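S.K.: Sequence and predicted structure are below.
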Amino acid sequence: MKKKFNFAFFDEGSKREIRRSILKAIAIPGYQVPFASREMPVARGWGTGGIQLTLSCIGQKDVVKVIDQGSDESVNAISIKKLITDTTDVEITTSTTDATIIQSRHRVPEEELNENQIIVLQVPTPEPLRDYEPSETKTKILHGEKEYTGAKLLLFEQIMKYNTMATGADHPVEVNNRYVMAPSPIPKFDNPKLNESKATILLGAGREKKIYAVPPYTKVISLDFEDVPFEVENFKGKSCSHCGASHVYLDEIIDQESGSVSYQCNDTSYCLKRRNGEIQ
């Protein structure tokens, strides 16, 4: 017999507590709000923070999309979708535009989001100052004093070593001219999508027990220097071998036999829509 769960797995009190933390996070963009992270029927590291946000926000009429590294069909994405459908019976979609809630591990979809959507990003390490300050107490003081010299220093050290800012993902951002925030390990290519986003962006770290958010139409700027500006990954001269897109984040595919290199869209739903003529 199929086991019965409360709608969206959690009891109503737990969902209310998490939603209160979400509201505080939205009210103070970029600020890390502590919350009582619940135990989940999936292993930590599989996005338990994001799942808790999704299950606390979800309603009977929502349509949910889950992606992992741009794919709708990875093991992580399928497992999360199964948990959601087993406990809510809400509609699941692969279409970015049809979804009201998008849970994502390490990507922001290529299609522009709208005001009626929530994107939930899974976060392993929410503290952008952790690489140079191990003390949680001290990082709170640094955030309170808006002292982010250390974050800039780490980028400066990369420039000295590699002649560029070598952050491939999780490049820190300043939110609403106030807090420096870890945007989750999304590629630098996706950082500009956070700026003035029409959708509400929620970020959850289950293991670290933190929730933070970027409300719609909020200024989000990637940290850089006047003489070394922030730059996203460069795919100039490359295009998807399936749909021909050249203005999206691409995966490099190496043929093991011939050694030839090709590229394809990381966002599988976007690629399929282009091939079907649904978008240009």
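M.R.: Happy to help now that I have it.
S.K.: Going by C-alpha atoms from here, please, whenever you check contacts or count neighbours.
M.R.: Fine.
S.K.: where along the stretch 1-150 of the chain do the helices fall?
M.R.: 12-27, 48-57, 75-88, 136-144, 149-162 (DSSP state H, counting those that start in this stretch).
S.K.: Could you say which of those helices is packed most deeply?
M.R.: Most buried of the helices of the stretch 1-150 of the chain, by mean neighbour count (mean count of other CA atoms under 10 Å): helix 48-57, with a mean of 23.
S.K.: on contacts alone, who are the packing partners of it?
M.R.: When contacts are defined as 3 or more CA pairs under 8 Å, 6 or more residues apart in numbering; DSSP states H and E, helix 48-57 packs onto helix 12-27, strand 101-105, strand 118-122, strand 200-205.
S.K.: distance of residue 233 from residue 82?
M.R.: 33 Å (CA to CA, to the nearest Å).
S.K.: And residue 155, by the same measure?
M.R.: From residue 155 over to residue 82 (counting by CA to CA), the distance is 40 Å.
S.K.: before we move on, what about residue 149?
M.R.: 43 Å.
S.K.: Could you report the pLDDT at residue 42?
M.R.: Per-residue confidence at residue 42 stands at 79 (pLDDT).
S.K.: Tell me the bridge partners for residue 203.
M.R.: residue 121, residue 212 (DSSP bridges).
S.K.: which residues touch it?
M.R.: Applying CA atoms under 8 Å, 6 or more residues apart in numbering, we find residue 203 in contact with 49-50, 120-123, 183-184, 211-213.
S.K.: again, but for residue 54
M.R.: 101, 103, 120.
S.K.: ok, it to residue 269 distance?
M.R.: Distance from residue 54 to residue 269, by CA to CA: 20 Å.
S.K.: Over to residue 56?
M.R.: 26 Å.
S.K.: How about residue 89, nearest residue that isn't a chain neighbour?
M.R.: Once flanking residues are discounted, residue 89 sits nearest to residue 60: 8.0 Å by CA to CA, 6 or more residues apart in numbering.
S.K.: Quick one: neighbours of the one you found, just the number.
M.R.: 11 (other CA atoms under 10 Å).
S.K.: show me the contacts for it.
M.R.: By CA under 8 Å, 6+ apart, the contact set of residue 60 is 88-90.
S.K.: Which strands or helices does the helix or strand bottoming out on mean pLDDT in the chain pack on?
M.R.: Using mean pLDDT, DSSP states H and E, helix 75-88 stands out as the lowest-scoring helix or strand of the chain, at a mean of 92. Where contact means 3+ CA pairs under 8 Å, 6+ apart, helix 75-88 is packed against strand 63-68, strand 91-92.
S.K.: deepest of these, which one?
M.R.: Of the helices and strands packed on helix 75-88, strand 63-68 is the most buried (mean count of other CA under 10 Å), at a mean of 24.
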